[in-house]
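K.L.:
model the following, please.
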Amino acid sequence: MSRRHVIARRALVGVAVVVVLALLAAVVAVVVVARQPLPPTGGELSVPSLEAPVRVVRNEQGVPDIYAESATDLFTAQGYVQAQDRFFEMDYRRHVTSGRLAELVGDNPDAIAADKVIRTFGWRKVAEEEWKILDPQTRAYLTAYANGVNAYLDGRATGSVAVEYTVLGMQVEVGSPERWDPIDSLTWLKAMAWDLRGNYDAELGRAQAFASVGSVERVEDLFPAYPDEVNPPILDAAAGAANLDAVLAAQAAEAQAAAEAAAAAEAADDSGASTVASPYAGTETAFDQAISSAVEAIDAVPTLVGEGEGVGSNSWVVSGELTDTGAPLLANDPHLTLGAPSIWSQVGLHCEEVSTRCPFDVSGFSFAGFPGVIIGHNDSLAWGITNLGADVTDFFVERADETTYERDGLRVEFETRTETIKVNGGEDVVIDVRSTVHGPVISDVLPIDAAEDTPLQPPSDAASDYVVSLGWTALTPGLTAEAIFAMDLAKTAEDIKAAATLFEVPSQNIVFATTDGHIGYQAPGRIPVRAEIPGPVPSDGTWPRPGWDSRYDWQGWVDPAAMPSVLDPAEGFIVAANQAVAPQGAGPFLAADWDYGYRSERIRELLESEIDRGRKISVRTMTALQADTYNPYAEVLVPTLLEQDIDNAFERNGQDLLVDWDYSQAVDSAPAAYFAAVWVELLDLTFNDELPDAASPTGGSRWLEVVRTLLDEPESPWWDDRTTVNVVETRDEILTQALVRARSSLTTSLGRDADEWEWGKLHRLALEHPVLGGEGAPSVLHGFVNPGAVEMPGGSSIVNATSWDASSGSFNVTSGPSMRMVVDLASLDRSTWVVVTGTSGHPASDHYDDQLEAWAAGEAFPWAYSEAAVSAAQADEATLTP
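P.N.:
Okay, the predicted model is just below:
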């Protein structure tokens, strides 16, 4: 298991080891304490900051639809209701995102390490700057939301807010929860942007891989170019579109940026920058330590949204010409870290009378802690979001001493600040933060003693100390908060484009559809422009950059008007599932590292199959497609696996499972279990003899493409096992060993009879509460706060993307569809939605995990939108009164 996964699981669990004996001794006492915070959801509830009464109607799953007379009352009520359902989750998140986790959980080493890194990044400082540049209306919405949260907290004892405080209070001092502040909401956007920030892991991964293999060319074998010819990009798939103005504009912008970069490089040469020695020669231990310390710092940040190759999303939209209703259909399922409670909070936000004073009539998925709807629909337009994967981070290696760093041969003083980390029950921790023109120095935070070589090293006669600073677009204050409300109100493609110019971080793919029949795609985001500089490695952001040479600085941002978009493509549908946005060279440079498109191409194939058969696409079609478990990569690998000769009959009967396999990864599939085990062994045998542990193959889409290429090179050096002396292995020897070893490993874990193996016995989802649900917590708490483990279909790079990490020693799910929705633009009340657990964050609530069974089965619930449909689905109603 990667260090980041371990930290995400254990960062807080140590605080639950010492728990009041009464909770352990009596389950009844647990239930009594846990049920105390359950909020009332009916009758009249006082919210003094309201201007007029607000209705909150809940359905059988506890999902609230809120009806208010003004926008400020609407968001005040949303704040109140989300505090009712999810306040501890909100409080935990704000402590993490502000670098104050140790204040909440006490003297926990992982919490302190996380605080050090996040304080170094300065997420809250950036959020405070963002507050100053937001428009007055957005600030009013955020303030109203905070007022609602605080109205719920006022007068409530800590134990009546959430059971987690009662448990924490057995080890650390727990006072009344702090009042909510609008900056708390804005800081959460930084966590969302951090977890969805693009190729940071690939950039450092290249440096780490070079440390072992010593060849840039061999490293690039592990990061192949996107296969346009195999899995078409988003806009290539929409090549027949009538409107590609944005792509053409982007090409012009790229040409202009290249000209400006060339001029800047020439000016740098004239100013003496050319005397700076090449950054890609020699070896220096201090340089290596800086790179590795940066990796250590990145790994210390707890995962709140998701991370790794499994994080992404599926989204597609189909024109009404191809649907059974004559109106568009839109599907979306973001693949994020899965936990209890769900990361998403379902909500409907309705003005009693839509007007300029109260313009909202929107329903969808929000994050507890931020007002509005992130993904969903209003009365005219539906939108879905997937991670674009744009390259918005760069790691700059700086030549430094204690107080200065080098810039074009000159010494420049670091900007410095001091951060004090409060530790609940312990002594304060003080850190000094240094920053360069590129960003904060992250290698200072968790320094290490040793590292390996990298290709980015200065000549041996250069300065002996090096640090790594982080350039990240989200550290520049932006207007993403405004964009969220703009999308909630969008009615047309033009409105989406206008909102996208504000949606600066994280950079996402937006697909949308309107009730008047349009479908479209828009890429938003603040994307750095980088100069093209000749050298041993590309200067496009795929490798760490030499900070001492100003030619490698960012040259500005891609013009938002140049970001790719398409409206009403001729083929009648758009698929955006983290694949490349456009063919290489078309439009501005966004990234070099993408998901490699196996999910997107499978979605395309299934849609085209329905269309070719003359079948109309329906809500049921879209829902079934979201649950598809077909493994398209099996088409690539299985034929070669079946070519291998295995003499031993017992060992061969594992291989025999693959002969008639339909490539479905259903929970009861024996071939799926064997194929996954073979994949683990193949990766281990092929790569782990040369790569460091930190770069061990995770098995995600990049590794699928790496191996696909190597299958056509049976004598590639990668197939040779460097641990065997005087033997040079080839492809077939490694594949045979993988088949045999997989048979042996599954015999141990699942039994001798291969026909009785089941994928679900290996591939399980074990949802954990972030504080009380992990290793070391008492089992009585596990059973109470963790929903039961679920056997899961699907897998990595499959449409039903229940991803797993091949380097972890486990097949357990690490990320997956955090929600699913299908929107019917012909009748919005026929839409469907589901989250992984439930609406409530209270473990004792009936709505804590009441959606899990349906979600795991690929099913969804009716999504009422109109007031009539909401009333028909009503299970409870409360009136919030001033």
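K.L.:
hey, let's count contacts and neighbours off CA atoms from now on
P.N.:
Fine.
K.L.:
how near is the closest residue to residue 836 other than its chain neighbours to residue 339?
P.N.:
Using Cα to Cα, 6 or more residues apart in numbering and skipping residues adjacent in sequence, the residue nearest residue 836 is residue 852, 5.2 Å away. From residue 852 across to residue 339, the span is 11 Å (Cα to Cα, to the nearest Å).
K.L.:
can I take it that residue 740 is in a strand?
P.N.:
No. Per DSSP: H, G, I helix; E, B strand; the rest coil, residue 740 lies outside any strand segment and is helix.
K.L.:
can you give me the neighbour number for the closest residue to it other than its chain neighbours?
P.N.:
Closest residue to residue 740 in three dimensions, ignoring its sequence neighbours and counting by Cα to Cα, 6+ apart: residue 651, at 5.7 Å. Using other Cα atoms under 10 Å, residue 651 has 16 neighbouring residues.
K.L.:
again with residue 355
P.N.:
Count around residue 355 with other Cα under 10 Å applied: 12.
K.L.:
local confidence estimate at it?
P.N.:
Looking at residue 355, its pLDDT reads 97.
K.L.:
low-scoring stretches of the stretch 351-500 of the chain, by residue?
P.N.:
Applying pLDDT under 70 to the stretch 351-500 of the chain flags residues 447-464.
K.L.:
and residue 114, how far is that from residue 768?
P.N.:
Taking Cα to Cα, one finds residue 114 at 20 Å from residue 768.
K.L.:
which residue of those two possesses the greater neighbour count?
P.N.:
Set residue 114 next to residue 768 and count neighbours by other Cα under 10 Å: residue 114 wins out with 27 against 21.
K.L.:
and that one, what element?
P.N.:
For residue 114, the host element (DSSP states H and E) is helix 109-121.
K.L.:
tell me the average confidence for whichever helix or strand comes after that helix?
P.N.:
Note on helix 109-121: by DSSP H and E, the next helix or strand toward the C-terminus is helix 123-133. Here helix 123-133 scores 98 as its mean pLDDT.
K.L.:
just checking, next helix/strand downstream of helix 123-133?
P.N.:
Downstream of helix 123-133, the first helix or strand assigned by DSSP H and E is helix 136-153.
K.L.:
which residue sits closest to residue 604, ignoring its sequence neighbours?
P.N.:
Closest to residue 604 by Cα to Cα, 6+ apart is residue 575, at 6.9 Å.
K.L.:
bridged to that neighbour, which residues?
P.N.:
residue 316 (DSSP bridges).
K.L.:
quick one, strands of the stretch 701-850 of the chain?
P.N.:
764-765, 790-791, 816-817, 819-824, 832-835 (DSSP state E, counting those that start in this stretch).
K.L.:
for residue 155, see how far away the closest residue to residue 35 other than its chain neighbours is.
P.N.:
Once flanking residues are discounted, residue 35 sits nearest to residue 844: 5.6 Å by Cα to Cα, 6+ apart. Separation of residue 844 from residue 155 (Cα to Cα): 22 Å.
K.L.:
what about these two, which has more around it?
P.N.:
Comparing residue 844 with residue 155 by other Cα under 10 Å, the one with more neighbours is residue 844, at 21 against 10.
K.L.:
quick one on the thing from earlier: helix or strand for the residue nearest to residue 740, which one?
P.N.:
Taking DSSP H and E as the criterion, residue 651 maps to helix 649-656.
K.L.:
check which element follows that helix along the chain.
P.N.:
helix 670-687.
K.L.:
angle of that following helix against helix 649-656?
P.N.:
If you take axes from the mean of the first three to the mean of the last three Cα atoms, to 10 degrees, helix 670-687 sits at 100 degrees to helix 649-656.
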